[in-house]
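Asks: Got a predicted structure here, sequence first:
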Amino acid sequence: MGWLMLLAPLMAAAACTRPLRVPFEDWRPYSFVDADGHHTGLETELLAAVAKEVGCEVSYVREVPRNRRLPMLTRGELDLLVAATVVPSAVAWYTRPYREEAYGAFVRADAPIPKARSMDELLGAGLRLLTHRGPASLAIVGEFEARGLLTRFEDYAKGVQLLQLGRGDVLFGDSMAIAYAARAADLPLVELAIPMLHDSVSYKLSRKTLTEADLQAFDQAIQRLEARGELQRIRARWLPAAVR
């Protein structure tokens, strides 16, 4: 596996005995390598700030498939996962939330705009849904799949391409990732006026390699950075005000 090293260790509440192992994912605009070869993105900058405040280095582990990450965290082969939704777990600690995640449903700007006011109405209209491969963020996604009206993709650039090719009617998923991919493809989209819940995300820490004291150090670091406005400044550089 390739490694990308990030940050310089500082004295803080918790002293890391080695760099924190975190899986790298090309997940624009959250985490990616830019044209100059620098690892950047919203998640990268947020974790850099938090890790620095805690007093840790971060090592990004390349080529870790999505379905291997939790087993590797459980075995102690990874130390931290970003953007985790809190669910009861005996193998991981969850930090306090550090940002909000917003979902949306989008159609091509040159296509007829559905009059649906909910995902249920999109389903009832027989529209085909395109969404990211991974845990379903809404139960209704499973209903689309049960009716043969769902196509999944691995990355948002592919999702935008599928919409552009007419392989689906509605692109559903992370609003910022969709907007970023659509701009890169020069494909104008319209977001449907369908209420979507915003979700808070946290860091997921391995209980195999980290302790409750480490969890507290992360929580305190996030709290201090929020109080100083540093995390807000990072979010403001990457996200529109509605999803900061």
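Replies: Now that the structure is in, tell me what you want to look at. Numbers count the residues shown, from 1 in each chain.
Asks: from here on, contacts and neighbour counts on C-alpha atoms
Replies: Will do.
Asks: Need the phi and psi values for Leu129.
Replies: phi -100, psi 140 (degrees, to the nearest 10).
Asks: Roughly how far does it sit from Arg108?
Replies: In this structure, Leu129 and Arg108 are separated by 13 Å, where distance is defined by C-alpha to C-alpha, to the nearest Å.
Asks: Next: Pro188.
Replies: Relative to Arg108, Pro188 is positioned 6 Å away (criterion: C-alpha to C-alpha).
Asks: same thing with Ala84?
Replies: For Ala84 relative to Arg108 (C-alpha to C-alpha), the value is 30 Å.
Asks: now Arg75: how far from Ser59?
Replies: Here Arg75 is placed at a distance of 17 Å from Ser59 (C-alpha to C-alpha).
Asks: Same question for Leu150.
Replies: 36 Å.
Asks: can you check Ala146 too?
Replies: For Ala146 relative to Ser59 (C-alpha to C-alpha), the value is 40 Å.
Asks: Then Asp110?
Replies: Shown here: Asp110 relative to Ser59, a distance of 43 Å by C-alpha to C-alpha.
Asks: how does the protein divide into domains?
Replies: Here the domain parsing of the chain from automatic domain parsing is 3-99+201-243, 103-191.
Asks: Lowest mean pLDDT across those domains, which one is that?
Replies: Out of the domains of the chain, domain 3-99+201-243 stands lowest, with a mean of 88 (criterion: mean pLDDT).
Asks: follow-up on the earlier one: quick check on Pro188 and Arg108: which one has the bigger neighbour count.
Replies: Higher neighbour count among Pro188 and Arg108: Arg108, with 20 against 14, using other C-alpha atoms under 10 Å.
Asks: That one: what's its closest spatial neighbour, skipping adjacent residues?
Replies: Distances taken as C-alpha to C-alpha, 6 or more residues apart in numbering place Leu189 nearest to Arg108, at 4.6 Å, with adjacent residues excluded.
Asks: Count the neighbours of that neighbour for me.
Replies: Counted by other C-alpha under 10 Å, the residues lying close to Leu189 total 20.
Asks: Mind naming the longest helix for the protein?
Replies: Looking only at the chain and at elements set by DSSP state H, the helix with the highest residue count is helix 212-228.
Asks: Buried by neighbour count: which residues of it qualify?
Replies: Across helix 212-228, burial judged by 16 or more other C-alpha atoms under 10 Å covers Asp214, Leu215, Gln216, Ala217, Phe218, Asp219, Gln220, Ala221, Ile222, Gln223, Leu225.
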